[in-house]
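A.B. asks: missing the sequence, but the structure's below:
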C-alpha cells in the first residue's frame, strides 16, 4: 500500500488520548462528509459556520473507521466500539501536526505558491508541466488555507516525487504558519496586488504578508516575478541577503531565467515566444488572456527549479489549460461565446480581463456581466467606481453589474459618459438573466466575472450552455 497512517503515529504526533480502538491504520485522512471516507481517519474540524463534531455519525456512515476529535466523549456514544476515536486538544492543530509529520516522512519535494492573483492557475500549469517528468501531487481546487494545505500534504504517497501546494492568506502570519507545516523546497509569490486589502488594512500590509513565504523559507529555491514592483523588491532583498538559489521570470527583462512575451491572443489561445533557460522557442497556449503569459512563465520557472530541462518545458506548454471558473470559454447552443471567470475577482484581475477583451475583435456585441469584488474593506467604493469608469471607457454594448456596490459602479459609468444598455442589481436576478440570454446571437461575446461569493454561474446555468 502506498498510503497508510497507523494508530501509533496518530497518537504520538497529535499527543492524543485513545478513547476507543477498532481500526489501527487508515488509507487516508478526510474532513468532509460529502466525500468518500471509506477506510479513512475523519478529522472533526470547526469553522465559522459549522462544527464537524456534529457530523461524525455521517462520517462513519460514509466509511470512516477512525475519528480525531477534541470535544468531550458524550457526542460519540453511538460511535464508540465501532470506530477508533482519538481525542486531542485541538483538531486543527492535530491535522496540521499530522500533515507536517507526513511531509517529513516522504521524499517528495514541495513547491509552495502564493500571490494576489494567478496562484491557482499557476499551480495547475505547474502540475501539468511536471507530470510529464515526475509523479506529481497537487492541491485540488483551492485547498489553500489552514486546513486545505494540511489535507493536500496528507495526499502525498510514497510514489510522489513532487507536491505542488497552493497557499492563500488573509491575515499576517498565516503564510509563516503554512510554511512551518509544509517546509517547502521551492517558493513563489506570483505577484502582489490589492486582494485582501480589506482584511489587512493597507497595501504594505499585503506586501509584508506575502513576503512571509520567502522570509520563512530562506533555504528554499526562491522564484521571483521581476515584472511586479512588489515582488521585485522581494527579489532585491534576496540578492542583498545572498540567497543562494534564485530563479527569475519577466516579460520585459531579457536576462531573466524565463523571458516570454505574448505576441497574439484570441478567446481560446495566447501565443508566447522568448526564452526558457537559454532555449528560445514559440508556442500556442490554449488559454485566454495576456495575464496567462505571466502564469506560463511562473510555471516554467518552477519547472526549471525542480530540474526539468528547457526543451522538456517547451514541448509541454501547448498542453496548459485553465480549470473551471477561470477564464473558461463556454459555448451556448445559439453560438454565443461566453468567457466565464466566476471563481475570483479583484481590481487587478478585473483590469486584466477588460484590457484583454478590448483587444478581441467581433462582428457582434460585447456584453459585460460583472459581480461584486469582495474583501476590499474601506476601499470597496473606490474600487467599484474605478471599475465602472474602466468598463464605461471600453467598447461594451451592454453591462449588468450585480452586487451591493451597484451605486458606486454606476457612478463610475457616468464618469465615463457610458450611454449603452445598463442593468444594475443588488443580487442575481433570474428574470434579468433570462432576458439577456434571450437577446444573444452567434456573433456576440459575453464576459462574466465576479468574486466566488456572487455565484455568477447562475447566469450561465440559466442559458443552458453546451460545455459547462
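C.D. replies: Now that the structure is in, tell me what you want to look at. Just so it is clear, the structure is predicted and the values come from calculations on it, not from any experiment.
A.B. asks: mind listing the strands for the stretch 251-400 of the chain?
C.D. replies: All strands of the stretch 251-400 of the chain, identified by DSSP state E, counting those that start in this stretch, fall at 258-266, 269-276, 279-285, 328-331, 337-341, 366-371, 398-402.
A.B. asks: what about the residue most central in space within the chain, is that helix, strand or coil?
C.D. replies: Nearest to the mean C-alpha position of the chain, by Cα atoms, centre = their mean, lies residue 120 at 3.0 Å. Here residue 120 takes the helix state, with states given by DSSP: H, G, I helix; E, B strand; the rest coil.
A.B. asks: Looks like it contacts residue 326 (just checking).
C.D. replies: Yes - Residue 120 lies in contact with residue 326 (Cβ atoms under 8 Å); the separation is 6.7 Å. C-beta here means a position set from N, CA and C on the backbone, and glycine is covered the same way.
A.B. asks: quick one on the thing from earlier: please name the residues that touch the residue nearest to the centre of the chain.
C.D. replies: By Cβ atoms under 8 Å, 6 or more residues apart in numbering, residue 120 lies in contact with 142, 144, 166, 323, 326, 343, 344.
A.B. asks: what residues are shared contacts of residue 120 and residue 326?
C.D. replies: Shared contacts of residue 120 and residue 326 (Cβ under 8 Å, 6+ apart): 343, 344.
A.B. asks: Number of residues surrounding residue 36?
C.D. replies: Using other Cβ atoms under 10 Å, residue 36 has 12 other residues around it.
A.B. asks: Kindly apply the preceding question to residue 256 instead.
C.D. replies: Neighbour count of residue 256, defined by other Cβ under 10 Å: 21.
A.B. asks: Same question for residue 15.
C.D. replies: Residue 15 has 12 nearby residues by other Cβ under 10 Å.
A.B. asks: just to revisit the earlier point, considering the contacts of residue 120, which possesses the most neighbours?
C.D. replies: The residue in these with the most neighbours, by other Cβ under 10 Å, is residue 166 (27 neighbours).
A.B. asks: Was I right to think that one contacts residue 139?
C.D. replies: Yes - contact criterion Cβ under 8 Å: residue 166 and residue 139 qualify, at 4.5 Å.
A.B. asks: can you give me the strands for the stretch 1-150 of the chain?
C.D. replies: 5-6, 17-20, 25-26, 29-30, 41-43, 66-69, 84-87, 109-114, 136-138.
A.B. asks: Show me what the mean pLDDT comes to for the fifth one.
C.D. replies: Translated: strand 41-43. Strand 41-43 shows a mean pLDDT of 97.
A.B. asks: next one: the first one
C.D. replies: For strand 5-6, mean pLDDT is 96.
A.B. asks: Also the longest one?
C.D. replies: Here the mean pLDDT over strand 109-114 is 98, rounded to a whole number.
A.B. asks: And for residue 171, the neighbour number?
C.D. replies: There are 11 residues near residue 171, going by other Cβ under 10 Å.
A.B. asks: Show me the helices in the stretch 151-300 of the chain, by range?
C.D. replies: For the stretch 151-300 of the chain, the helices defined by DSSP state H, counting those that start in this stretch occupy 174-182, 197-200, 203-215, 229-240, 291-305.
A.B. asks: same deal with the stretch 301-450 of the chain?
C.D. replies: Using DSSP H, counting those that start in this stretch, the helices of the stretch 301-450 of the chain run over 310-316, 347-359, 380-392, 406-415, 430-438.
A.B. asks: Of those helices, which is nearest residue 288?
C.D. replies: helix 347-359 (6.9 Å; Cβ to Cβ).
A.B. asks: ok, now how distant is the residue nearest to residue 231 when sequence neighbours are not counted from residue 121?
C.D. replies: In this structure, residue 231 finds its nearest non-sequential neighbour in residue 225, 4.5 Å apart by Cβ to Cβ, 6 or more residues apart in numbering. Distance, residue 225 to residue 121, by Cβ to Cβ, to the nearest Å: 14 Å.
A.B. asks: Can you give the domain ranges for this protein?
C.D. replies: 5-90, 106-319, 328-463 (automatic domain parsing).
A.B. asks: and the shortest one, how far apart are its ends?
C.D. replies: So the one you mean is domain 5-90. One end of domain 5-90 to the other measures 19 Å (Cα to Cα, to the nearest Å).
A.B. asks: just stretch 282-290 next, same as before
C.D. replies: 15 Å.
A.B. asks: Can you give me the buried ones in it?
C.D. replies: For stretch 282-290, a neighbour-count test (16 or more other Cβ atoms under 10 Å) marks 283, 285, 286, 287, 288, 289, 290 as buried.
A.B. asks: which residues touch residue 96?
C.D. replies: By Cβ under 8 Å, 6+ apart, the residues touching residue 96 are 146, 150, 177, 181.
A.B. asks: rerun that using 6 Å as the cut-off
C.D. replies: 150, 181 (Cβ atoms under 6 Å, 6 or more residues apart in numbering).
A.B. asks: ok, back up a step: ok, the residue nearest to residue 231 - how many residues close by?
C.D. replies: Neighbours around residue 225, by other Cβ under 10 Å: 27.
A.B. asks: Repeat that for residue 431.
C.D. replies: For residue 431, using other Cβ under 10 Å, the count is 8.
A.B. asks: And it, how far from residue 409?
C.D. replies: Distance, residue 431 to residue 409, by Cβ to Cβ: 20 Å.
A.B. asks: tally of neighbours for residue 113?
C.D. replies: Residue 113: 30 neighbours (other Cβ under 10 Å).
A.B. asks: That one touches residue 123, doesn't it?
C.D. replies: Yes - with contact defined as Cβ atoms under 6 Å, residue 113 and residue 123 form a contacting pair (5.3 Å).
A.B. asks: which residues touch residue 56?
C.D. replies: Contact analysis of residue 56 by Cβ under 6 Å, 6+ apart lists 44, 67.
A.B. asks: how close does it get to residue 20?
C.D. replies: 12 Å.
A.B. asks: Show me where the stretch 101-250 of the chain dips below the pLDDT cut-off.
C.D. replies: The stretch 101-250 of the chain contains residues with pLDDT under 70 at 196-199, 201.
A.B. asks: thinking again about what came up before, mind putting the helices of the stretch 301-450 of the chain into a markdown table with distance to residue 16 and mean pLDDT?
C.D. replies: What follows is the helices of the stretch 301-450 of the chain, written out as a markdown table (distance: least, Cβ to Cβ, whole Å; pLDDT from 0 to 100):
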| stretch | distance to residue 16 | mean pLDDT |
| --- | --- | --- |
| helix 310-316 | 44 | 98 |
| helix 347-359 | 42 | 93 |
| helix 380-392 | 44 | 96 |
| helix 406-415 | 51 | 97 |
| helix 430-438 | 49 | 96 |
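A.B. asks: Between those, which one is closest to residue 85.
C.D. replies: So among the helices of the stretch 301-450 of the chain, helix 347-359 is nearest, using Cβ to Cβ, at 44.5 Å.
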